[in-house]
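# Give me a model of this one.
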Amino acid sequence: MNPTGLLLATFILSIVGLFAFIWSLRKGLFDIESSGATAIFSSGEIGYAEEPAASKEQHRALQQTANAVAGTPPASMQDHEIAARAAADRSSAFPAFVLIACAAVWLLLASAAGLVSSLKLHMPDLLNQSAWLSFGRLRTIHLNAVAYGWAPMGLLGLATWMLPRLLKTPLVGGRFAIFGALLWNAGLVAGLGAIANGMNAGMEWLEIPWQVGLLFAVGGMMIGLPLIFTLQQRRVHHLYVSVWYIGAALFWFPILYIVAKIPGAHFGVEQATMNWWFGHNVLGLFYTPLSIAAVYYFLPKVIGRPVRSYNLSLLGFWTLAFFYGQVGGHHLIGGPVPEWLITLSIVQSVMMVIPVVAFSVNQHLTLKGHFSALKHSPTLRFIVFGAVMYTLASLQGSLEALRSLNALTHFTHFTVAHAHLGMYGFVSMVMFGGFYFAMPRILDIRWPHASLIGWHFWLVAAGFAIYLVTLSIGGLLQGSVLLDAARPFMESVEVSLPWLKGRSLGGALMTAGHLVFVYHFAVMVVRSGVLTQTERSAIHSPA
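Predicted coordinates for the structure are as follows:
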């Protein structure tokens, strides 16, 4: 087949499909009125600020901000609707708690492995007595503990909790999610044990042996079953855009993982191509949709205002699905890969600007007039931080896919900084915000120490800023040395060493923030039975 013709056909097909979707919309992209945007609100609820993580004083200030923007006080919610939402929250409480608690445990393990790995880059003799503590194994443990422990458990926990609210019906099949989580975590324990003992499939993001990986595929499908069962019992006429993102992510992940782990199917260059097809798609078609689903739910709920342009949110969903599939190929620029495949990847990487801008503009317009709410809402602080990082990470990724910039950044620490911009700055920060909103509803208890939420945010925000800046600068300096044939390789190592120490400092602050979060989480769990029934009902009220 003619590579040029294939590229042109793919591009035209994507554009035609995109415009067909836009044509099918009944209203303009920036139309204020859209019934779909109000699907997550009960009658009379628009205008109410919902922020379970806020203190009474913070919530009062948050509501005043919402009233000032609306100009009129909100209508009152019906008691039966409040009771129905509380029943929906109870139905998903235990499955969501199991998943989120597992995420908290993996966060600690991943943080410890990541920090020690970072230290080893400038302290190579640290903990070098055991093979499983070598950099190669410990860094791989860190990656897999994040990729298959912290991120999916937390995101699936939030998705499980959101579903009954989005569909306005109790969760059906919660036991499948719990059993699926047990299978998933058993697979992860076995997989990390295999990596620690030197058993490694040799492909980044796919190091865990396929025999163990079967537990991920089966466990993930079981966690997704409640979505199917609950959809059948839904009490809404319209599926809010968050449901689209959640459903797509739960459909895409098993396909991605099963195809990538088919034993004996991938060899040589084709294996490398498949490796980055999976590595990028698991980020863009699993972690990203679940995180965007959380943003589209929590941000409007906190400020009591529907998303500004609902049709723009649908545009973002479909363009993500259209353009993301072959983005990963740009990691193979310069390799023995067909040129047309690389060019296709670059084209799709640049086209990803469309869903990113659609999401970013929509969030800005939705939050317009409510920016002061960031001072009063712990959830909003994390969510907005994550949304901004998504914009930066995605636009940076589109630029990094270009051959000219890729030549400077490829095989350097800059790529590591970029990966953390998306996986930590976006995904993890959105997860933290979602946890602060959902856990009081799950355990029927407020967060015990409001000050710890502030400590958590500023520790991880400051640590991440140091991590990102130092590693980006060090990576660019490293790349400039590598491109100069007259300079020895060791000079590229020496020039990056000071910046690697900055990376460890940032990582230490982030780890400290994680310890604060997990401690606060544990205290909340221990105290979860102390409130009276009257106080529990107050937590579920919109005020």
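# can you pull the contacts of L158?
L158 makes contacts with 96, 100, 290, 294, 431, 434-435, 438, as judged by Cβ atoms under 8 Å, 6 or more residues apart in numbering. In short, each C-beta sits where N, CA and C put it, glycine included.
# List just the nearest of the residues you listed to V516.
Set against V516, the nearest of the contacts of L158 by Cβ to Cβ is F435 (12.9 Å).
# Skip the chain neighbours and tell me the closest residue to the closest one.
With sequence-adjacent residues excluded and distances taken as Cβ to Cβ, 6 or more residues apart in numbering, F435 is closest to I100, at 6.2 Å.
# Likewise for P164?
A88 (3.6 Å).
# Would you confirm that the one you found contacts G174?
No: judged on Cβ atoms under 8 Å, A88 makes no contact with G174 at a distance of 11.7 Å.
# Now do the shared contacts for these two.
Counting by Cβ under 8 Å, 6+ apart, nothing touches both A88 and G174.
# after the longest helix anywhere in the chain, next one along is what?
Taking DSSP state H as the criterion, the chain has its longest helix at helix 79-120. Proceeding N to C from helix 79-120, the next assigned helix or strand is helix 135-145, under DSSP states H and E.
# The residue nearest to P164: neighbour count?
24 (other Cβ atoms under 10 Å).
# List the contacts of it.
Going by Cβ under 8 Å, 6+ apart, A88 touches 164-165, 168-171.
# Distance to G220 added to the residues you listed, as CSV?
CSV is the format used below for the contacts of A88 (distance: Cβ to Cβ, whole Å):
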residue, distance to G220
P164, 20
R165, 22
K168, 26
T169, 23
P170, 23
L171, 17
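# Closest one to W244 out of those residues, please.
Looking across the contacts of A88 and measuring by Cβ to Cβ, the closest to W244 is R165, at 15.3 Å.
# Let me know whether the closest one touches D89 as I believe.
Yes: at 7.3 Å, R165 and D89 qualify as touching, with contact defined as Cβ under 8 Å.
# which stretches of the stretch 401-543 of the chain form strands?
For the stretch 401-543 of the chain, no strands are identified by DSSP state E, counting those that start in this stretch.
# Any stretches of the stretch 1-150 of the chain with poor pLDDT?
Judged by pLDDT under 70, the stretch 1-150 of the chain has its weakly predicted residues at 1-35, 71-77.
# A68: neighbouring residues, count only.
Counted with other Cβ under 10 Å, A68 comes out at 11.
# Is it within a helix or a strand, and which one?
Here A68 is assigned to helix 56-70, by DSSP H and E.
# Check what contacts that helix and list those residues.
Helix 56-70 is contacted by residues 47-49, 51, 54, 73-74, 302-305, 369-370, 372-373, 375-378, 450, 543 when judged by Cβ under 8 Å, 6+ apart.
# what do you get if the cut-off is 7 Å, keeping everything else the same?
If you take Cβ atoms under 7 Å, 6 or more residues apart in numbering as the criterion, helix 56-70 is touched by 47, 49, 51, 54, 73, 303-304, 369-370, 372-373, 376-377.
# Export the contacts of A88 to TSV and append columns for neighbour count, secondary structure and pLDDT.
Below are the contacts of A88 laid out as TSV (neighbours: other Cβ atoms under 10 Å; DSSP: H, G, I helix; E, B strand; the rest coil; pLDDT from 0 to 100):
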residue	neighbour count	secondary structure	pLDDT
P164	27	helix	96
R165	20	helix	96
K168	17	coil	93
T169	20	coil	94
P170	18	coil	96
L171	26	coil	97
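# Under a three-state scheme, what state does Y257 occupy?
With DSSP: H, G, I helix; E, B strand; the rest coil as the basis, Y257 sits in helix.
# All the helices of the stretch 201-350 of the chain, residue numbers only.
Using DSSP state H, counting those that start in this stretch, the helices found in the stretch 201-350 of the chain span residues 210-232, 241-261, 268-282, 288-303, 310-323, 339-351.
# Output the contacting helices and strands for the fifth one.
To tie it back to what came earlier, the one meant is helix 310-323. Judged by 3 or more Cβ pairs under 7 Å, 6 or more residues apart in numbering; DSSP states H and E, the packing partners of helix 310-323 are helix 3-24, helix 241-261, helix 353-367.
# So for the residue positioned nearest the centre of the chain, what's the pLDDT?
When Cα atoms, centre = their mean is applied to the chain, the residue found nearest the centroid is V427 (2.7 Å). With respect to pLDDT, V427 has a value of 98.
# right, and it touches I292 too?
No: counting by Cβ atoms under 7 Å, I292 is not a contact partner of V427; they are 10.0 Å apart.
# between these two, what contacts are shared?
In contact with both V427 and I292: no residue, using Cβ under 7 Å, 6+ apart.
# now, among the contacts of L158, which is nearest to H238?
Ranked by distance to H238 (Cβ to Cβ), these are led by A294 at 19.1 Å.
# For that closest one, which non-adjacent residue is spatially closest?
Leaving aside its sequence neighbours, A294 is closest to G434 (4.8 Å, by Cβ to Cβ, 6+ apart).
# so who does the one you found touch?
Counted by Cβ under 7 Å, 6+ apart, G434 has contacts 158, 294, 298.
# Mind putting the residues you listed into JSON lines with distance to L107 and pLDDT?
Converted to JSON lines, the contacts of G434 look like this (distance: Cβ to Cβ, whole Å; pLDDT from 0 to 100):
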{"residue": "L158", "distance to L107": "14", "pLDDT": "98"}
{"residue": "A294", "distance to L107": "17", "pLDDT": "98"}
{"residue": "F298", "distance to L107": "19", "pLDDT": "97"}
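# Identify each buried residue in stretch 510-530, please.
Using 16 or more other Cβ atoms under 10 Å as the test for burial, stretch 510-530 gives 510-518, 520-521, 524-525, 528.
# Sorry, slip of the keys, the one I care about is stretch 303-313.
The neighbour-count check on stretch 303-313 (16+ other Cβ under 10 Å) flags 303-313 as buried.
# Report the rounded mean pLDDT for that stretch.
91.
# end-to-end on it?
Across stretch 303-313, the terminal residues are separated by 18 Å (Cα to Cα, to the nearest Å).
# Over to stretch 111-129?
End-to-end distance for stretch 111-129: 21 Å, by Cα to Cα.
# what does that stretch contact?
So stretch 111-129 is in contact with 133, 135, 138-139, 141-142, 145, 497, 500-501, 503-504, 507-508, 511, 514, going by Cβ under 7 Å, 6+ apart.
# Could I get the buried residue list for that stretch?
Buried-residue list, stretch 111-129, by 16+ other Cβ under 10 Å: 111-122.
# Also stretch 147-165?
Quick answer for stretch 147-165 (16+ other Cβ under 10 Å): 147-165.
# roughly how far out does it sit from the chain middle?
Centroid displacement of stretch 147-165 relative to its chain, using Cα atoms, centre = their mean, to the nearest Å, is 10 Å.
# Among the contacts of G434, pick out the one closest to Y467, please.
Using Cβ to Cβ, the contacts of G434 come closest to Y467 at A294, 22.9 Å.
# dump the residue contacts of the closest one.
Shown in contact with A294 (Cβ under 7 Å, 6+ apart): 158, 430, 434.
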